[in-house]
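[1] missing the sequence, but the structure's below:
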């Protein structure tokens, strides 16, 4: 049962250092507060080592890079690793540009990530070292479906084995795997893709879940995915006539704010393969 | 009838590259998703050429500049022009500082913009090469009113002729012109000025409309303006007691999310001069 | 009675230059518009002097620093001081990293701030020149409570005397002091701490209040604090089942939008010590 990993966040109030894009950063901060964590943002190379030292986890998201923030990612990542903190990589847009692909690869060479979370196109890119991502959304050709599920499960387990990280792939069907087990998760709602940043929010939240339960990384990652998907379901059920993606965004964060472990246990839809 | 230019966005799902300010960037992303486009943000000079190459349009907004992002604007603008993509300039605050005025002028020297959208003070500044903009809002003295309308229509047509761009001026009365025709648009609500970023959102959306209908640039630009104004009207009609500008912001994006070509055809208020 | 300082903002529509973090910048802009001010954001060193010159106040918030924006803070702060504008410092995270502590101290050495606003841990850090802030939230050990209130009042008056600035400390009990008088304010709601950026929003709004009433700085600062706290109370009373921190954020800004001096006079809870 995954609920206790949510409750651990509320109990431990992990402080999460985020080096993340400026597009969705406010939502990342608010969802971290909603789930019971505490966010801090810093990307300046001369600031990040101090900041990450007082945190329990580091969330690196490459959604909007610049040379200074890339240097900040390396420094923060090394420091957090040395301190034994959980470190998550969200390779936004890997495959869409050489800089993004190379930055994700370079970070993976130097830092042992606790978890890597992205859409299937991004995760394929980092597995292969190159890709054809179209923007920040997954290619339709790559999508994880019931037909390609067995193959996808094997792919994420193999990548988890190779990297030593929990691998999380989110889409219509979500996967979270280490080298031996894969959670196949069917929470969520298709319209979540019409909001910017649900993936970024999940990465922030997953870092908090990992920091609060470092002894059960795979379960913590899976719990974060189920929580985000369940919030998408609850929020959608509360949508009223005339409401759209902007209100849906607020309602999803609100649903996380009102969630607890018992609700997550009741609403989580997953199997382990 | 302008509705089909909205439907074209939903049909073609244009990927829009935005180099835009960090104040309103989240709303720009969400309104692009709401109208049926797909947003990606990148301002790092070493990233922008790859990113803009996979997109259909480029939206350059100078609302918060730094030296690196200015270089990113030039590189992305040149690349997008070479590839024949639509490129839009939103000269936020041109006239309020030398850097903004000069950046707008410099970009216009090097890049042939498909469209330029701003408030009247900003557009006068780029027409004259200097200005007296007070912040990011238009000067009252510059306002387009029924009294100054003929003169304003001539001004935007002349500037369209001179620049080869569609010129869009938004305010109480909105104008969109090429050298021969000017759409005079009377959609919208005064309280839209009490929300940060409705102009930025429109620029993002207009880029998507232009990218989806490059064969009818003036109509596409006018359709985007009407859609934004109509969304402001619909959203205002849904406001409840005690609600203010933050909720109004959400309701406007929601209204775009729920809009289609038929609704736009019914609600658009314009004449062509 | 503090209501007139709110009304002065609506009357004078002060233009406020914000050099602030990219996490909460959109909310800062919207709350400034909600209270009757006008926001502009600029951090590029070559842009800030022009921009601050056309404004009535400058809000410096160190929530996300980079080398360029730090230089922008110095240049803008010096220019605004020369011009006699109000200048506010929000030392976000001072004590959490050397860079933040040093930047706050460096700015205080060069610029005479009209007001300094932070949580108690941040304000203790700038008073002592070092600190142990845990992230961007105040340490529990530092909290201003009924038991420590006398001591806290003395502390902020002494710091106001030493710096020549109005000192504002916000938390469960808020304080605003010059060297002689301290407003002890009991507006607000605990769940405001579950939203990112209510402090940043207050700093932006306080800058507008100071710019609109420079002849009564302490009262203007206290009025801004009461207004923000009262908005938190009103917004909380409007919360519906299933709503959480994201909606609460919108409702707080909405409450400011709908507030006026008379409402503030009625709802403000403070004593002067």
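    Nice, thanks for sending it over. What you are looking at is a predicted structure, and each value in this text was computed from that prediction instead of being measured.
[2] which bits of chain A sit near chain C?
    Neighbours of chain C within chain A, by CB under 8 Å from any CB of the partner chain: A:15, A:22, A:25-26, A:29-30, A:33-34, A:38-44, A:46-47, A:50-51, A:54-55, A:68, A:234, A:238, A:249-258. Every C-beta, even on glycine, is put in place using the N, C-alpha and C of the backbone.
[3] contacts with chain B among the residues you listed, please.
    A:22, A:26, A:249, A:250.
[4] what is the nearest of the residues you listed to residue B:196?
    Taking CB to CB as the measure, residue B:196 sits nearest to residue A:26 out of those, at 12.8 Å.
[5] so that closest one makes contact with residue C:195?
    No: Residue A:26 lies out of contact with residue C:195 (CB atoms under 8 Å); the separation is 10.1 Å.
[6] picking that back up, which of the ones next to chain B among the residues of chain A next to chain C fall in helices?
    Counting by DSSP state H, the part of these found in helices is A:26, A:249, A:250.
[7] can you redo these as CSV with pLDDT, neighbour count and distance to residue A:78?
    Formatted as CSV, those follow (pLDDT from 0 to 100; neighbours: other CB atoms under 10 Å in any protein chain shown; distance: CB to CB, whole Å):
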residue, pLDDT, neighbour count, distance to residue A:78
A:26, 98, 24, 27
A:249, 98, 27, 34
A:250, 98, 25, 37
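[8] looking at this, residue A:29 is in a helix?
    Yes: under DSSP: H, G, I helix; E, B strand; the rest coil, residue A:29 sits within a helix.
[9] so how far is residue A:1 from it?
    As for residue A:29, its distance to residue A:1 is 29 Å (criterion: CB to CB, to the nearest Å).
[10] close to chain B: what parts of chain A are there?
    A:21-24, A:26-27, A:63-67, A:93, A:96-100, A:134-137, A:194-197, A:242-247, A:249-250.
[11] from the residues you listed, list the buried ones, please.
    A:21-24, A:26-27, A:63-66, A:93, A:96-97, A:99-100, A:134-137, A:194-197, A:243-247, A:249-250 (16 or more other CB atoms under 10 Å in any protein chain shown).
[12] the residue in the stretch 51-200 of chain A that chain C sits nearest to: helix or strand, and which one exactly?
    Across the stretch 51-200 of chain A, the shortest distance to chain C (CB to the nearest CB) belongs to residue A:51, at 5.3 Å. Assigned by DSSP states H and E, residue A:51 falls within helix A:45-53.
[13] skip ahead from that helix and say which helix or strand is next.
    Once the chain leaves helix A:45-53, the next helix or strand it forms, by DSSP H and E, is strand A:57-61.
[14] re earlier: what's the closest of the ones next to chain B among the residues of chain A next to chain C to residue C:173?
    Distances from residue C:173 to those, taken by CB to CB, are shortest for residue A:26, at 27.4 Å.
[15] apart from its chain neighbours, what residue comes closest to the closest one?
    Nearest non-adjacent residue to residue A:26, counting by CB to CB, 6 or more residues apart in numbering or on different chains: residue C:23, 5.8 Å away.
[16] from residue B:42, how far off is the residue of the stretch 151-273 of chain A found nearest chain B?
    The nearest approach of the stretch 151-273 of chain A to chain B comes at residue A:244, 2.8 Å away (CB to the nearest CB). Counting by CB to CB, the gap from residue A:244 to residue B:42 is 26 Å.
[17] what does residue A:103 give?
    When CB to CB is the yardstick, residue A:103 and residue B:42 sit 12 Å from each other.
[18] again, but for residue A:157
    32 Å.
[19] mind listing which of the buried ones among the residues of chain A next to chain B are in helices?
    A:26, A:27, A:99, A:100, A:245, A:246, A:247, A:249, A:250.
[20] ok now the lowest-mean-pLDDT helix or strand in chain A, how far from the chain's centre?
    Lowest mean confidence among the helices and strands of chain A (mean pLDDT, DSSP states H and E): helix A:120-128, at a mean of 95. The chain centre lies 15 Å from the centre of helix A:120-128; the measure is CA atoms, centre = their mean, to the nearest Å.
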